[in-house]
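# Turn this into a structure:
(4 chains)
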2 protein chains.
Amino acid sequence: MSDIARLAGVHTSTVSRALAGSPLVEKSVREKIVKIARSHGYKVNPTARSLRLGRTQSVSVVIPLGHEVTQPLSDPFFVQMLGYLADDITQRGYGLFLQKVLPPMQDWLTDLIGSKRSDGIIVIGQSTEHKALEAVANQYKPLVVWGGQIDHQSYCTVGTDNIGGARLATDHLLGLGRRKIVFLGDTKVPEIRLRYRGYTQALDHAPKGAKKRNIRTHMTADLAFDAMRKLISEGGDFDAVVAGTDVIAVSAIRAITATGLKVPEDVAVVGYDDIGLAAHSNPPLTTVRQDLEKGAKHLVDLLFRRMEGEETESVNMAPELIIRESCGAHLHRR
Amino acid sequence: MSDIARLAGVHTSTVSRALAGSPLVEKSVREKIVKIARSHGYKVNPTARSLRLGRTQSVSVVIPLGHEVTQPLSDPFFVQMLGYLADDITQRGYGLFLQKVLPPMQDWLTDLIGSKRSDGIIVIGQSTEHKALEAVANQYKPLVVWGGQIDHQSYCTVGTDNIGGARLATDHLLGLGRRKIVFLGDTKVPEIRLRYRGYTQALDHAPKGAKKRNIRTHMTADLAFDAMRKLISEGGDFDAVVAGTDVIAVSAIRAITATGLKVPEDVAVVGYDDIGLAAHSNPPLTTVRQDLEKGAKHLVDLLFRRMEGEETESVNMAPELIIRESCGAHLHRR
DNA sequence: TTGAAAGCGCTACCAT
DNA sequence: ATGGTAGCGCTTTCAA
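Numbering: from 1, shown residues only, chains lettered A, B, ... in the order given. Below is the predicted model:
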């Protein structure tokens, strides 16, 4: 910057003001400075700026994978979310610090906060980290979490009504005459636990004869496939599956198909999320849609309001049942 | 830091040394300082440190989407790569700045370099940005690109031998007796263009009667689906498809199946990448595997060597044909 | 409207 | 082995 100042024949403070678009600088001077800066490819050093201003102009996006057994991000859901977040955050002129947190997960959140690398934190998915989030919520404000809304939680979440969504899905299957409906998912994860609750609520209000059954499975494609195959080989008696996520649903379909059973004729399957793959699976997946684009907008909006000291409430969006073929609804229309 | 210094009864320079693990500080003093720092939740401010050191301890990972028509990252390939990169970069104690670049793509690279937000840059996929990369390669060294190796390029790439991989796939189909093989992909993207070249090379060496046909399609699932359906409805005569990516392959399978044709009996399909979905598609996809974990390791390794001033050569890894069912090889074994 | 100077928090050099 | 001090590049207050 001092170089630019010298070239323009002014003091650095004037350059700083000019480049910041301050109205204090005389127009002709400002234009001259801007021109010189551009022609020399000069960019204000964000590190120095951050140090002076006390803020980094960037936000951390964290993906905790406490519930995952395998390394890579296996769920496209998180990734699509990441893409939308990147757009929104970039649009506000902020940088995006990506952080993947794997077990063993000690002090990851307090460390991240303490490092002051970013002005705010978005956590995608509670994973198994509800307690860690709860622990810092009262002391560190610019924090927003995508996930399930848990009773008495003190951190701010954005998500869809998981109970309602799962209930929608389960009621739909009941309405199609299915009575032996299995739930497939890892209820250690809050969002999935809530979906399981919606599933049980629907069955509690179902006609007599409807059976509940929860099969715990990890959230990766392979492990869900194995869980489903095990259930079948053990002679599990069921005519429908409510899957905790689309990834699990697609794996379940594959496992069911592999044993010679047909989806949806023999077993109806409903997923959750409506990831891109859902429409392209075979058969196309009936699922509960979460609007990620809107979700990301909420997350970023709330975070920026919190970064300015505002207190914000959690947002619970309405889920939407997307009916395709895996539930067998089209068979009934005949 | 000055607080910690006061509490420990020493000067800040001693605290700095102690926290950096300098052997100059007496053991007892160092331990005392570390203890105080920990108990107060003190963390060295990375912004100030960066300013002083002249390096940010972070690397930018950029995903240029010049070839994409839709906003979100539609290809799981990039995402899996991102996950591995995050692991490797974190392991070296560096931060990961994520940058998504959408059209119109002006000066994105020089801007990123000029901002000095990171000490090095990894670009995932050349997209349509070969020229932009070429333009800075001689002037900015800590830059590594995942993508296809182009003749006379001056930037450093990591990738698989795309020509060889596609040739592997095409030869395999020829070996199974297929003669009317279509290529499906966007040849504007260097990697895909190389794969197309491998495909044509294989056909040039094929028995008489083998036909070439290139169908240009965008890289997203929906558009590939449409392209395939259009080809079929126009009465395109073919018995096999070499797809530019797995995402395209899976969409092609869906489009083929939707018209009543069978994969692989009527049309054999081979993909490229071996994304997680490939093994789980219906039928499971025969594809050319790129080892992403190894690829990510190479990228990070080369980048860090370049950040230390070393000149590095591009890496071209060997692709591997993974034979599953979509090519129909299992039908021949009978 | 511009200049001068202080200081963000840290590290490294030069003393001692 | 430790302390003092300068300075990384910027913004902002105060003075002119």
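
# Give the buried residues for stretch A:311-329.
By 16 or more other C-beta atoms under 10 Å in any protein chain shown, the buried positions in stretch A:311-329 come out as A:312, A:314-316, A:319, A:321-322, A:324-329. From N, CA and C alone the C-beta is placed, and that goes for glycine too.

# where does stretch A:178-193 sit relative to the chain's centre, distance-wise?
On the basis of C-alpha atoms, centre = their mean, to the nearest Å, stretch A:178-193 sits 19 Å off its chain's mean C-alpha point.

# Same question for stretch A:189-199.
Computed by C-alpha atoms, centre = their mean, the separation of stretch A:189-199 from the middle of its chain amounts to 15 Å.

# before we move on, what about stretch A:152-164?
Centroid separation for stretch A:152-164 versus its chain: 12 Å, with C-alpha atoms, centre = their mean.

# Show the end-to-end separation of that stretch, please.
Distance across stretch A:152-164, first residue to last, is 19 Å (C-alpha to C-alpha, to the nearest Å).

# for it, which positions count as buried?
A:Gln153, A:Tyr155, A:Cys156, A:Thr157, A:Val158, A:Gly159, A:Thr160, A:Asp161, A:Asn162, A:Ile163, A:Gly164.

# Identify the farthest-apart pair in the residues you listed.
Greatest spacing in the buried residues of stretch A:152-164, by C-beta to C-beta: A:Tyr155 and A:Gly164 (21.2 Å).

# Return the subset of the buried residues of stretch A:152-164 lying in helices.
Among the buried residues of stretch A:152-164, DSSP state H puts A:Asn162, A:Ile163, A:Gly164 in helices.

# Quick one: residues contacting the first one.
Read it as A:Asn162. Contact partners of A:Asn162, counting by C-beta atoms under 8 Å, 6 or more residues apart in numbering or on different chains, are A:Gly148, A:Glu191, A:Leu194, A:Arg195, A:Arg197, A:Gly198, A:Pro319.

# quick one on the thing from earlier: output the buried residues of stretch A:152-164 in a markdown table; the columns should cover pLDDT and distance to DNA strand C.
What follows is the buried residues of stretch A:152-164, written out as a markdown table (pLDDT from 0 to 100; distance: C-beta to the nearest atom of the strand, whole Å):
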| residue | pLDDT | distance to DNA strand C |
| --- | --- | --- |
| A:Gln153 | 93 | 31 |
| A:Tyr155 | 97 | 26 |
| A:Cys156 | 97 | 26 |
| A:Thr157 | 97 | 31 |
| A:Val158 | 98 | 31 |
| A:Gly159 | 96 | 35 |
| A:Thr160 | 96 | 40 |
| A:Asp161 | 97 | 42 |
| A:Asn162 | 97 | 41 |
| A:Ile163 | 97 | 45 |
| A:Gly164 | 98 | 46 |
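
# domains of chain A?
Domain ranges of chain A: A:2-44, A:58-160+A:291-318, A:162-290+A:321-333, per automatic domain parsing.

# Can you say which of those is nearest to B:Leu143?
Of all the domains of chain A, it is domain A:2-44 that lies closest to B:Leu143, at 16.1 Å by C-beta to C-beta.

# Now do the end-to-end distance for that closest one.
With C-alpha to C-alpha as the measure, the ends of domain A:2-44 fall 11 Å from one another.

# And for stretch A:174-190?
Taking C-alpha to C-alpha, stretch A:174-190 runs 25 Å from one end to the other.

# Following element in sequence after the helix or strand where A:Arg306 lies, please.
Using DSSP states H and E, A:Arg306 sits within helix A:292-307. Counting by DSSP H and E, the next helix or strand C-terminal to helix A:292-307 is strand A:315-317.

# near chain B, anything from the helix or strand that comes right after that next one?
Toward the C-terminus, strand A:315-317 is succeeded by strand A:320-322 as the next helix or strand (DSSP H and E). No - judged by C-beta under 8 Å from any C-beta of the partner chain, strand A:320-322 makes no contact with chain B; its nearest approach is 15.5 Å.

# contacts for strand A:320-322?
Outside strand A:320-322, the residues within contact range by C-beta under 8 Å, 6+ apart are A:Gly165, A:Leu168, A:Ala169, A:His172, A:Asp274, A:Ala278, A:Thr286, A:Thr287, A:Val288, A:Arg289, A:Asp291.

# CSV for those residues, including secondary structure and neighbour count?
Output for the contacts of strand A:320-322, formatted as CSV (DSSP: H, G, I helix; E, B strand; the rest coil; neighbours: other C-beta atoms under 10 Å in any protein chain shown):
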residue, secondary structure, neighbour count
A:Gly165, helix, 26
A:Leu168, helix, 18
A:Ala169, helix, 28
A:His172, helix, 21
A:Asp274, coil, 24
A:Ala278, helix, 24
A:Thr286, strand, 27
A:Thr287, strand, 31
A:Val288, strand, 30
A:Arg289, strand, 19
A:Asp291, coil, 15
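
# what's around A:Leu277, how many residues?
Residues lying near A:Leu277 (other C-beta atoms under 10 Å in any protein chain shown) number 23.

# Tell me the confidence at it?
Looking at A:Leu277, its pLDDT reads 81.

# Can you tell me how far it is from B:Met307?
Using C-beta to C-beta, to the nearest Å, we find A:Leu277 at a distance of 37 Å from B:Met307.

# ok, now A:Glu265?
A:Glu265 is 58 Å from B:Met307, where distance means C-beta to C-beta.

# Make sure A:Thr187 is actually in contact with A:Leu194.
No - contact criterion C-beta atoms under 8 Å: A:Thr187 and A:Leu194 do not qualify, at 9.3 Å.

# the more surrounded of those two?
A:Leu194 (23 against 17).

# give me every residue that touches that one.
When contacts are counted by C-beta under 8 Å, 6+ apart, A:Leu194 touches A:Gly148, A:Gln149, A:Asn162, A:Ile163, A:Ala166.

# Tell me the pLDDT of A:Leu65.
At A:Leu65, the pLDDT value in this model is 87.

# can you tell me how far A:Ala249 sits from A:His330?
Remark: distance between A:Ala249 and A:His330 (C-beta to C-beta) = 17 Å.
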